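Peer 1: need a 3D model of the sequence below.
(one chain, ligands or ions: 1)
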Amino acid sequence: MTTSDRVQFIVGDITALEVDAVVTAANESLIGGGGVDGAVHAAAGPGLFEECRSIGLCPEGEARLTGGYLLPAKHIIHTVGPVYEDGSFGEANVLRSAYESSLRLAEENAIRSIAFPCIATGTYGFPNAAACEIAVDTVTKWLECHEYPELIVFCCFEEPDISLYRERLSNAGQAL
Ligand code: ADP
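Peer 2: Numbering: from 1, shown residues only. Okay, here's the model as predicted:
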């Protein structure tokens with residue numbers, strides 16, 4: 001399988017995906033909030049909240065693994081993106097690290113399929129086009145030298161991410 005066969009793009013609600021792991025864009029406390037993380041906690045149920053509370057804080061750029069509880073996904077990877085100020089506070093490196101930490105956890109746990117939301121582009125305010133570029137480039141580089149995860153899904157929820165990912169992945173020759 002080529003690297004491009006291992007990347008997919010879909011539009012929709014990440015909580016409905018039947019993959020080994022869904023990634024959520026958490027905050028450092030891991031105990032839920034709004035956006036995608038609120039949706040993941042609401043759909044997974046109170047067991048997730050309890051497990052997250054037992055983990056404690058997750059610093060930005062890092063990731064933690066929990067069960068999937070009531071989600072169709074077996075696992076949830078919680079990662080914390082950067083709060084975007086003006087780009088001069090290392091935000092791009094933190095975002096890259098959030099993707100890499102999630103991929104590393106997936107590899108360590110032999111997770112075959114993983115779905116990412118557009119981390120940090122909601123409440124955290126990271127500009128969509130720059131975030132899309134970092135997401136696609138980081139994942140593509142990872143796939144070139146790692147067997148796991150076998151399949152990576154970018155799950156876009158709203159414009160402008162839908163058109164940005166569609167364009168960037170099709171330019172890279174990736175099947176949609
Ligand atoms: P952050 O705080 O990291 O910016 P947000 O949850 O506010 O995280 O937004 C991250 C992205 O998640 C946004 O593109 C938002 O549209 C998207 N999103 C919100 N709900 C869902 C969902 N149910 N499934 C997939 N993506 C979602």
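Peer 1: please make it C-alpha for all contacts and neighbour counts, starting now.
Peer 2: Fine.
Peer 1: how about the helices in the protein?
Peer 2: 35-44, 46-55, 91-108, 128-145, 161-171 (DSSP state H).
Peer 1: for the first one, enumerate the helices and strands it packs against.
Peer 2: To tie it back to what came earlier, the one meant is helix 35-44. strand 21-26 (3 or more Cα pairs under 8 Å, 6 or more residues apart in numbering; DSSP states H and E).
Peer 1: what does the strand it packs on contact?
Peer 2: 14-15, 32-33, 36-37, 40, 68, 73-81, 102, 106, 111, 113-117, 119-120 (Cα atoms under 8 Å, 6 or more residues apart in numbering).
Peer 1: and for stretch 97-111?
Peer 2: 20-21, 23, 60-65, 77-81, 112, 114, 135, 138-139, 142, 147-150.
Peer 1: the residues you listed in strands, which ones?
Peer 2: 21, 23, 63-65, 77-80, 114 (DSSP state E).
Peer 1: what residues does this structure put near the ligand?
Peer 2: Applying Cα under 6 Å from any ligand atom, one finds that the chain approaches the ligand through 13-15, 25, 35-37, 39, 81, 117-125, 155-158.
Peer 1: the inter-axis angle of the worst-scoring helix or strand of the chain on mean pLDDT versus helix 128-145?
Peer 2: Lowest by mean pLDDT, DSSP states H and E among the helices and strands of the chain is helix 161-171, with a mean of 90. Angle of helix 161-171 versus helix 128-145, following axes from the mean of the first three to the mean of the last three Cα atoms, to 10 degrees, is 40 degrees.
Peer 1: so what secondary structure elements neighbour helix 161-171?
Peer 2: strand 7-11, helix 128-145.
Peer 1: quick one on the thing from earlier: list only buried entries from the contacts of stretch 97-111.
Peer 2: The neighbour count (16 or more other Cα atoms under 10 Å) marks 20-21, 23, 60-65, 77-81, 112, 114, 135, 138-139, 142, 148-150 as buried among those.
Peer 1: give me the pLDDT value at residue 115.
Peer 2: pLDDT, residue 115: 98.
Peer 1: same thing with residue 67?
Peer 2: pLDDT, residue 67: 98.
Peer 1: next, count neighbours for it.
Peer 2: 17 (other Cα atoms under 10 Å).
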